[in-house]
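1. Need a 3D model of the sequence below.
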Amino acid sequence: MSQTPQFDEIIDRSNHNSDKWSKYPSDIIPMWIADMDFDAPRCVKDALTDRVQEGVFGYTHTPTSLVKAIQEHCLKHYNWQPATAHLIHLPGLVCALHLCVRALTEEGDRIIVPSPVYYHLTKAPEMSERSLDKIPFVLKGNRWSVDLGSLEESCKKADAKMLLLCNPHNPGATVYTQEELLAIHSIAQRHDLLVVSDEIHCDLILSDAKHIPFASLNEDAAQRSVILMAPSKTFNIAGLCYAFAVIANPTLRQCFKKAREALIPAPNLLALVAAEAAYKDGAAWHDALLSYLKGNRDYLRERIQGSQIKMADHDATYLAWLDVREYDLEDPHNFFLKAGVGISDGSGFGAPGFIRLNFGCSKSQLEQAMNRILIALESVS
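-> Below is the predicted model of the structure:
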């Protein structure tokens with residue numbers, strides 16, 4: 001596979017105040033947080049440079065041109081075009097997750113979350129005095145899938161009020177099929193649950209799978225859901241802090257907006273500039289990124305062949321979900337840290353014995369990290 005030169009470039013981030021690169025000593029390769037080590041698209045950098053040169057940074061509202069760019073992006077990729085009135089512009093997706101739980105449910109309500117999952121989907125209920133049901137993701141064939149039977153059992157509890165989805169799923173890299181989403185919608189409709197769908201990784205599909213926004217399933221799904229999206233993971237601009245919610249139901253939208261007032265600010269003007277540039281002019285960069293990430297994923301799969309590491313089908317994201325339980329490691333995080341690689345421990349997602357490894361980096365860095373990992377595991381085989 002041909003590789004785009006810009007993604008092979010090694011960028012020294014040691015003096016950038018990077019969360020990813022400052023967590024560990026310089027001899028550790030950081031492969032943990034969902035932050036790629038790639039240069040941002042040229043269109044984004046040019047747009048930011050031009051805006052900075054204007055020199056005035058006053059209060060700014062969301063431009064209609066960004067709204068149009070979002071709508072055109074969603075229509076092109078998902079055959080779904082959220083209405084202008086349904087869009088709410090935010091400084092991040094995590095705060096939106098927490099706000100949904102606090103604004104749209106009450107203390108004591110039960111929140112249902114397929115797990116293992118990105119930890120803020122479980123922290124949001126726990127930090128707001130809600131009950132939490134974790135529904136297991138199970139391996140069907142070689143693909144992680146939510147256990148619909150367990151989901152039904154939890155959703156029919158009298159205090160069940162909200163389902164938090166992560167699609168594509170992080171970790172696990174599953175892209176929900178239309179059949180699965182319709183089954184989930186049917187359960188939610190039957191038991192009258194709200195659905196909050198974290199779809200931040202929706203533009204990082206690395207297979208023939210198709211991302212389907214939950215709200216695009218049908219009108220009832222649209223009316224009982226909040227969709228959360230952002231350009232941050234796709235275009236590697238997370239530090240600029242922009243996301244958006246799509247809320248078609250006017251009552252839910254008003255509750256969300258009211259709870260947000262004076263607590264969660266509007267996105268800053270440079271975030272708006274970057275998001276618009278990415279959505280309008282970042283398509284070629286995005287295509288090249290997906291090609292490079294596919295190459296890294298395939299390389300990773302090749303390297304673990306012959307080891308006892310297991311990796312299920314990986315349809316989306318640059319976050320590999322690796323099963324290392326066969327090695328019976330007492331503390332996988334510290335084990336691999338001693339080997340010189342900083343990974344995310346599966347216990348933080350609710351799955352001890354797994355690790356999450358970020359392959360959104362140059363292939364040479366990935367090669368170096370895998371060399372260290374596999375050599376270390378030879379000592380316990």
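
2. going forward, measure contacts and count neighbours with C-alpha atoms only.
-> Will do.

3. Name the residues of stretch 131-143 that are buried.
-> Buried residues in stretch 131-143, counting neighbours by 16 or more other CA atoms under 10 Å, are found at 132-138, 143.

4. Give me the subset of those that lies in strands.
-> For those, membership in strands holds for 132-138, 143, with DSSP state E as the criterion.

5. Tell me the one among those nearest to Glu219.
-> Top of the list for closeness to Glu219, among those and by CA to CA, is Ile135 at 25.8 Å.

6. who are the neighbours in contact with the closest residue in space to the closest one that isn't next to it in sequence?
-> Once its chain neighbours are removed from consideration, Ile135 has its nearest residue in Pro114; the separation is 4.4 Å (CA to CA, 6 or more residues apart in numbering). For Pro114, the contacting residues are 134-137, 146, 164-165, by CA atoms under 8 Å, 6 or more residues apart in numbering.

7. which one among the buried residues of stretch 131-143 gets closest to Cys155?
-> The shortest approach to Cys155 among these belongs to Asp133, at 9.3 Å (CA to CA).

8. ok, the buried residues of stretch 131-143 vs Ala40, which is closest?
-> Distance ranking of the buried residues of stretch 131-143 against Ala40, using CA to CA, places Arg143 first at 31.5 Å.

9. my read: the closest one touches Val175, true?
-> No: judged on CA atoms under 8 Å, Arg143 makes no contact with Val175 at a distance of 9.8 Å.

10. returning to that earlier point: how far does the strand or helix carrying the residue nearest to Ile135 sit from the chain's center?
-> Secondary-structure assignment from DSSP states H and E places Pro114 in strand 110-115. The chain centre lies 17 Å from the centre of strand 110-115; the measure is CA atoms, centre = their mean, to the nearest Å.

11. ok, now stretch 177-186?
-> Averaging C-alpha positions (CA atoms, centre = their mean) puts stretch 177-186 20 Å from its chain's average.

12. ok, now stretch 117-129?
-> Here the centre of mass of C-alpha atoms in stretch 117-129, compared against the chain's by CA atoms, centre = their mean, lies 15 Å away.

13. Same check on stretch 185-197?
-> Its chain's C-alpha centre and that of stretch 185-197 lie 21 Å apart, by CA atoms, centre = their mean.

14. Any stretches of the stretch 1-150 of the chain with poor pLDDT?
-> The model of the stretch 1-150 of the chain has pLDDT under 70 over residues 1-5.

15. What are the boundaries of the helices in it?
-> Defined through DSSP state H, counting those that start in this stretch, the helices belonging to the stretch 1-150 of the chain, from first to last, are 5-8, 19-22, 42-54, 64-78, 93-104, 120-126, 148-155.

16. Using CSV, please lay out these together with distance to His201 and mean neighbour count.
-> Rendered in CSV, the data for the helices of the stretch 1-150 of the chain read as follows (distance: least, CA to CA, whole Å; neighbours: other CA atoms under 10 Å):
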stretch, distance to His201, mean neighbour count
helix 5-8, 19, 15
helix 19-22, 19, 17
helix 42-54, 19, 14
helix 64-78, 13, 16
helix 93-104, 11, 20
helix 120-126, 14, 21
helix 148-155, 22, 17
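
17. Those: which one's closest to Asp315?
-> Between Asp315 and the helices of the stretch 1-150 of the chain, the shortest gap by CA to CA is with helix 64-78, which sits at 16.1 Å.

18. from the middle of its chain, how far away would that closest one be?
-> Mean C-alpha position of helix 64-78 versus that of the full chain (CA atoms, centre = their mean) differs by 19 Å.

19. now do stretch 29-45
-> Average the C-alpha atoms of stretch 29-45, do the same for its chain, and the two points are 14 Å apart (CA atoms, centre = their mean).

20. go on, stretch 293-311?
-> 21 Å.

21. Which positions within that stretch qualify as buried?
-> Of the residues in stretch 293-311, those buried under the neighbour-count criterion (16+ other CA under 10 Å) are 293-297, 299-301, 304, 309-311.

22. And the contacts of that stretch?
-> Stretch 293-311 is contacted from outside by 1, 206, 314, 318, 320-327, 359-360, 363, 366, 370, 374, using CA under 8 Å, 6+ apart.
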